[in-house]
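Colleague: No sequence on hand, only this structure:
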């Protein structure tokens, strides 16, 4: 198993709020997995950097791609180079690997742009680590937020303010440091989201971007067919290349859920077993 990170575990190790999976949960699962035997993990091995997909196909009878979504979506405006403007997923990963939270820089006034689980995680973590004011700003109404109702109430109960109907227009800087963000008010016009012409500013020293991630296609090259920016597979996870399978968020048609990624892996493993059995006359 090849893993780009220094530790295995993927989303469970690097992508979940620290209060959700405590006491080394992800590594406990890895330890259990390795106890089965016959499994080798190669860390710090990134597809497209240390090894290519073509090399893997030449070396192995079957390859499974479970790379997730490594790219972070832009907020759609100019994003100045400032330490106060960060990707929420990077903040969460940093927290997951920190040995002492007291050494982590946490803003006093924090804005989180987005409406999903990652936005809630970044906002609540900021509050729990001492931020004075934390707001989640979402461009549509509460009914459109992808975070669950439970997560939204959890954020509110931890002192997070949720502001709807506002879209980013400008990151405000002072001396190269973030001092706030300008928003345009929005409204629904039929099936379109439009700006009302009104705007407002919110003060902040830290802004986290949490408006979704995307699949980085470069590492897979032209060996597999893509659809909608993700890998196209059949219902059993097999790609357009007969020796390559894929599952999880990098595969088209999924719901971006951990439980579904696990199912993809199980179904693909059965498909791989069947294919190799046929190839070897079993």
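Modeller: Sure, I can see it. Every value quoted in this text rests on a predicted model; they were computed, and no experiment measured them.

Colleague: from what I can see residue 17 touches residue 124, true?
Modeller: Yes: the pair residue 17 / residue 124 is scored as a contact, 6.6 Å apart, by CB atoms under 8 Å. Bear in mind the C-beta positions are built from the backbone N, C-alpha and C, glycine included.

Colleague: Looking at those two, which is more packed in?
Modeller: residue 124 (24 against 18; other CB atoms under 10 Å).

Colleague: Let me see the contact set for the more buried one.
Modeller: Contacts for residue 124 (CB atoms under 8 Å, 6 or more residues apart in numbering) come out as 17, 19, 154-155, 158, 160.

Colleague: same thing but 6 Å
Modeller: By CB atoms under 6 Å, 6 or more residues apart in numbering, the residues touching residue 124 are 155, 158.

Colleague: Secondary structure element holding it?
Modeller: Under the criterion of DSSP states H and E, residue 124 resides in helix 117-128.

Colleague: partners of whichever helix or strand comes after that helix, with directions?
Modeller: Using DSSP H and E, the helix or strand that follows helix 117-128 in sequence is strand 133-137. Its sheet considered, strand 133-137 pairs with strand 109-113 (parallel), strand 161-163 (parallel) by DSSP bridges.

Colleague: Check the burial of residue 235 by counting its neighbours.
Modeller: There are 8 residues near residue 235, going by other CB under 10 Å.

Colleague: so what's it closest to, chain neighbours aside?
Modeller: residue 267 (7.9 Å; CB to CB, 6 or more residues apart in numbering).

Colleague: next one: residue 27
Modeller: residue 9 (6.4 Å).

Colleague: Go ahead and confirm that neighbour touches residue 25.
Modeller: No: between residue 9 and residue 25 no contact is recorded; they are 9.0 Å apart, counting by CB atoms under 6 Å.

Colleague: which of those two has more neighbours?
Modeller: Between residue 9 and residue 25, counted using other CB under 10 Å, the more crowded position is residue 9 (21 against 14).

Colleague: Could you measure from the more buried one over to residue 107?
Modeller: Relative to residue 107, residue 9 is positioned 27 Å away (CB to CB, to the nearest Å).

Colleague: need the longest helix for the protein.
Modeller: Ranked by residue count under DSSP state H, the longest helix found in the chain is helix 258-279.

Colleague: Residues contacting that helix, please?
Modeller: Identification of contacts with helix 258-279 by CB under 6 Å, 6+ apart yields 61-62, 64, 236-238, 245, 247-248, 254.

Colleague: Equivalent analysis for stretch 77-90, please.
Modeller: Contact partners of stretch 77-90, identified using CB under 6 Å, 6+ apart, comprise 72, 118, 122, 168, 171, 173, 177-178, 205-210.

Colleague: Strands - which of these land there?
Modeller: Residues of the contacts of stretch 77-90 located in strands (DSSP state E): 72, 168, 171, 173, 177-178, 206-209.

Colleague: okay, the residues you listed in a markdown table with pLDDT, neighbour count and distance to residue 80 next?
Modeller: Listed next are these as a markdown table, based on pLDDT from 0 to 100; neighbours: other CB atoms under 10 Å; distance: CB to CB, whole Å:
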| residue | pLDDT | neighbour count | distance to residue 80 |
| --- | --- | --- | --- |
| 72 | 91 | 19 | 16 |
| 168 | 97 | 20 | 12 |
| 171 | 97 | 21 | 6 |
| 173 | 96 | 14 | 6 |
| 177 | 96 | 14 | 10 |
| 178 | 97 | 23 | 8 |
| 206 | 97 | 24 | 14 |
| 207 | 98 | 26 | 10 |
| 208 | 97 | 29 | 15 |
| 209 | 97 | 25 | 12 |
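
Colleague: which two of those lie the greatest distance from each other?
Modeller: 72 and 177 (21.3 Å; CB to CB).

Colleague: Quick one, grab the pLDDT at residue 49.
Modeller: Note for residue 49: predicted pLDDT of 93.

Colleague: same deal with residue 261?
Modeller: 91.

Colleague: neighbours around it, how many?
Modeller: Residue 261 has 21 nearby residues by other CB under 10 Å.

Colleague: so residue 188, which of the three states?
Modeller: strand (DSSP: H, G, I helix; E, B strand; the rest coil).
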